[in-house]
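Colleague: A structural model of the following input is requested.
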Amino acid sequence: LSNDLSPHVLASYGLVAALDWFFNQIKPHISVNFETTLKEERFSSSLELSIYRIIKELINNTIKHARADSISINLHIYLHSIRLSYSDNGVGFPDNWQDNFDSMGMGMSNIMSRCRSINAVSKFYNHSPRGMSFEMEVQLDMN
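Modeller: Just a heads-up that it's a prediction; the model follows:
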């Protein structure tokens, strides 16, 4: 699942098409409920790639660690920003985890680094033993 971090679909057709393509690839592994208000809007290639990789890393972490069977993803434009809400129905984070990304491995570190690279505000929420959620908001450059 970690292969193809930058599919041609993303460059050619945009974020929503690339996400739909990826979700079709993982159907045998997990159920994904994806809702979006984005249609064919295009954003900077770096923004699209960062959001794609953040979502992909979240899913990879869920599949690898959470023992979840369902993921919910909402991706919406709200005023002058893109908002991402992600949740799974897995086991959540360990009880001793308190936003301690250093102890959580490369996946979490990569997510946080990508959020910083696009100046996104983000937060993880632990709902152990009933899963986790993640929220991110990135302002759109309206120039």
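Colleague: in stretch 126-143, what's buried?
Modeller: 126, 131, 132, 133, 134, 135, 136, 138 (16 or more other C-beta atoms under 10 Å). (Glycine included, C-beta is placed from N, CA and C.)
Colleague: Quick one: residues contacting the spatially most central residue of the chain.
Modeller: What sits nearest the mean C-alpha location of the chain, by C-alpha atoms, centre = their mean, is residue 55, with 2.1 Å. Shown in contact with residue 55 (C-beta atoms under 8 Å, 6 or more residues apart in numbering): 19, 22, 73, 75, 84, 86.
Colleague: Can you flag which of the residues you listed belong to strands?
Modeller: 73, 75, 84, 86 (DSSP state E).
Colleague: Per-residue confidence at the second one, what does it come out as?
Modeller: Here the pLDDT value assigned to residue 75 is 98.
Colleague: same check, this time on residue 104
Modeller: 66.
Colleague: what about residue 72, distance to residue 64?
Modeller: Distance, residue 72 to residue 64, using C-beta to C-beta, to the nearest Å: 18 Å.
Colleague: Show me which of those two is the more surrounded one.
Modeller: Shown here are residue 72 and residue 64; by other C-beta atoms under 10 Å, residue 72 has more neighbours (16 against 12).
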